[in-house]
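A.B. asks: build me a structure from this.
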Amino acid sequence: MAPATMSPVTLRLGDRELLVSHPDKLLWPDMGIDKLRYVRTLADLAPYLLPHSEGRYLTTIRFPEGYAGKSFYQKNAPTPVPEFVRVETAGGIRYVVLDSLPTLLWMGSLYALEFHVSCERIAQPLPDLWMLDIDPSLEVEPRIMEAAGKVGDLLHSLGLEAVPKTSGATGIQVVMRIEPGPTYDDLRRFGKFVSEYLTAKNPRLFTVERLKKNRGTLIYLDYLQFYPGRTLVSAYSPRARAGAPVSTPLDWSEVRADPSPADFNLLNIVARLRERGDLIGSMKPQRIGDVLKQIK
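C.D. replies: From the prediction side, this is the model:
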């Protein structure tokens, strides 16, 4: 990768300024996305991404030499922490809370290319979401949209609406906003029911086997991941992979059209969001409590 030579650029954020060093450093060379373009794209994504990260503990993955270079996970807030950044401590870790445009762009300027958020909201014991992680065993899984569709069909049969979103990597997550009431353990029981039912109905497609070495080519329905203390990639987070993919909510008609998760990337996501809006944010919270009673 050619060294960055451009002088630092100062971005004005209201009454604040953010210095972007090495603005011409290529972060996704295959897509022509340099650091300055990345930070500016994050600014366009902010109205859609921040509602999914605010009020949750942030874990980032930083790639100082671009997506193909060395990386490291970061839970503890980088130092020094600007005065505009909110920090919350849990388990001895000082987490950044990604709740503002300046914080998002600051993290982007530090080469944070992925944003993973806690399943739980800070200081809220009850969940506001249910999520099922559909995790393929194959790096390239042509059945992933078929798998998501089967999850959607089952939820629809139960009178529930949800939104599928690409992980930006190889998998899909099905996300449901819920009315307050059920606990995380209640939601695990629901996820277990959904996963075991679908596996029984589709034994050549799905598995609930936790050990990857025992899954073969089956698609893992991971109902255990959505739980306090665990993280999932935020909606609209970029991913550090070739093609600059973005974790993108879809509608079910798009799932039936069998798109590739790589179709949604940093070069086209902003135009999509301006046209379609946030499909998760516009979803009505579901009354999953009634379904839980039926399952019991």
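
A.B. asks: pLDDT score for the closest residue to residue 206 other than its chain neighbours?
C.D. replies: The shortest distance from residue 206 to any non-neighbouring residue, by CB to CB, 6 or more residues apart in numbering, is to residue 199 (4.3 Å). Every residue, glycine included, has its C-beta placed from N, CA and C. Looking at residue 199, its pLDDT reads 98.

A.B. asks: wait, isn't residue 199 in contact with residue 208?
C.D. replies: Yes. If you go by CB atoms under 8 Å, residue 199 and residue 208 touch, sitting 5.5 Å apart.

A.B. asks: what is in contact with these two at once?
C.D. replies: Both residue 199 and residue 208 are in contact with residue 221, where contact means CB atoms under 8 Å, 6 or more residues apart in numbering.

A.B. asks: SS state for the residue nearest to residue 206?
C.D. replies: Put simply, residue 199 is helix when judged by DSSP: H, G, I helix; E, B strand; the rest coil.

A.B. asks: please tell me how far it sits from residue 219.
C.D. replies: Look at residue 199 and residue 219: by CB to CB, to the nearest Å, they are 10 Å apart.

A.B. asks: next: residue 29.
C.D. replies: On the measure of CB to CB, residue 29 and residue 219 end up 32 Å apart.

A.B. asks: those two: who's more crowded?
C.D. replies: residue 219 (26 against 15; other CB atoms under 10 Å).

A.B. asks: my read is that that one contacts residue 133, right?
C.D. replies: No. Contact criterion CB under 8 Å: residue 219 and residue 133 do not qualify, at 10.6 Å.

A.B. asks: can you list contacts of stretch 159-168?
C.D. replies: Against stretch 159-168 from outside (CB under 8 Å, 6+ apart): 130, 133, 148, 151-152, 155, 172-176, 233, 235, 237-239, 241, 245-252, 255, 261, 264, 279-280, 283-284, 286, 288, 291.
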